[in-house]
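[1] just to be clear, the model below is a prediction. Sequence and coordinates:
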Amino acid sequence: MDTPRGVWLDDLTWQEATSRLAADAVVLLPVVWSRPAQVAAHLPIKTAATIARALGQKLVERLPVVMAPLLDWEGDAEAEPPRQMLRERLARLRSLGARRLAILDLGLAPARRADIPVEVALLRACNGTKADDYATACMLALDPRSVRMPLLPAGSSAQAFAGERMMAADVEAAAEALSAWCGVA
C-alpha cells in the first residue's frame, strides 16, 4: 500500500497542523448539505457523508493536501445557519494558518458560490449525474449492505462498478482543478 501524500487535519497534533499550514499547504474542506427528504428511501441517512469521506480519502492518498473535517448540515441549505457554519469553518481554518483553501462540495445539494469567498476554490463532485443514481452507485461500491435493495426504484441500473468509476472521475477532476488552481500535483 502506498503512503498517502496528504493527511486529514484531525489526525495531526496542533503542532503538526500549525507546521503544515505554515508551509502553505492546500486545505480542502469537504462540505455536505443534505435535506432529510432528499435522501432516497433505499439509502441510509449517512449517504452523503460516506461518499464525501471516501472522496476525501482518495484525494488524501493522491495529493499533498490537508483534508479538514467534514462540514455536514442536515436541513435547508438555503437557511442562514449552514451558510454561517461555512463562513465560521473557513475563518477557523484561516486562524490556524491556512492560506490556500478549497471546498470539496459533494454536489447533491451544492453550496452556492455566493456564500464562498472568491479566493476559495470550489470543487464539485457528482457533476453531470443524477444525484440519486450517483449516490446509489457510490453506496453500492462503498457500503453495499447499507443500501435497502427491496426499496430500490424499479428500473434502477445503479451498480457498484459504476460508483467506483464515478468516484474515480470525481477525484481525477478535483486533482486537475487543484493542479490548475495552485499547482498541487
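    On my side now, so go ahead.
[2] got the CA positions of the lengthiest strand in the chain in CSV?
    Ranked by residue count, the top strand of the chain under DSSP state E comes out as strand 26-34. Taking C-alpha atoms only, strand 26-34 is exported to CSV below (Å, rounded to 0.1, in the frame of the first residue of the first chain):
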residue,chain,number,x,y,z
VAL,A,26,-3.7,23.4,0.4
VAL,A,27,-6.6,22.7,2.7
LEU,A,28,-9.7,21.0,1.4
LEU,A,29,-12.9,21.4,3.3
PRO,A,30,-15.4,18.6,2.3
VAL,A,31,-19.0,20.0,2.5
VAL,A,32,-22.3,18.1,2.5
TRP,A,33,-25.6,19.9,2.6
SER,A,34,-28.4,17.4,2.8
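[3] show me what secondary structure element comes after it.
    With elements assigned by DSSP states H and E, the helix or strand that comes after strand 26-34 is helix 47-62.
[4] and V66, what does it touch?
    Going by C-beta atoms under 8 Å, 6 or more residues apart in numbering, V66 touches 6-9, 12, 17, 20-21, 25-28, 98. All C-beta atoms are positioned from the backbone trio N, CA, C, and that covers glycine.
[5] returning to that earlier point: what's the angle between the longest strand of the chain and helix 47-62?
    Inter-element angle recorded for strand 26-34 and helix 47-62: 170 degrees (by axes from the mean of the first three to the mean of the last three C-alpha atoms, to 10 degrees).
[6] now do stretch 9-28: distance to the chain's middle.
    Relative to the chain's own centre, stretch 9-28 is displaced by 18 Å; criterion: C-alpha atoms, centre = their mean, to the nearest Å.
[7] again, but for stretch 168-181
    13 Å.
[8] going forward, the N-terminal residue is numbered 22.
    Got it, the first residue is 22 from now on, which makes the last one we talked about stretch 189-202.
[9] how about it: buried residues?
    Residues 191-192, 195-196, 198-199 are the ones in stretch 189-202 that count as buried (16 or more other C-beta atoms under 10 Å).
[10] what of stretch 109-123?
    110-111, 114, 117-119, 121-123.
[11] any chance of those residues in a markdown table with pLDDT as columns?
    As requested, those are exported to a markdown table (pLDDT from 0 to 100):
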| residue | pLDDT |
| --- | --- |
| R110 | 92 |
| L111 | 92 |
| L114 | 93 |
| L117 | 90 |
| G118 | 92 |
| A119 | 93 |
| R121 | 94 |
| L122 | 94 |
| A123 | 94 |
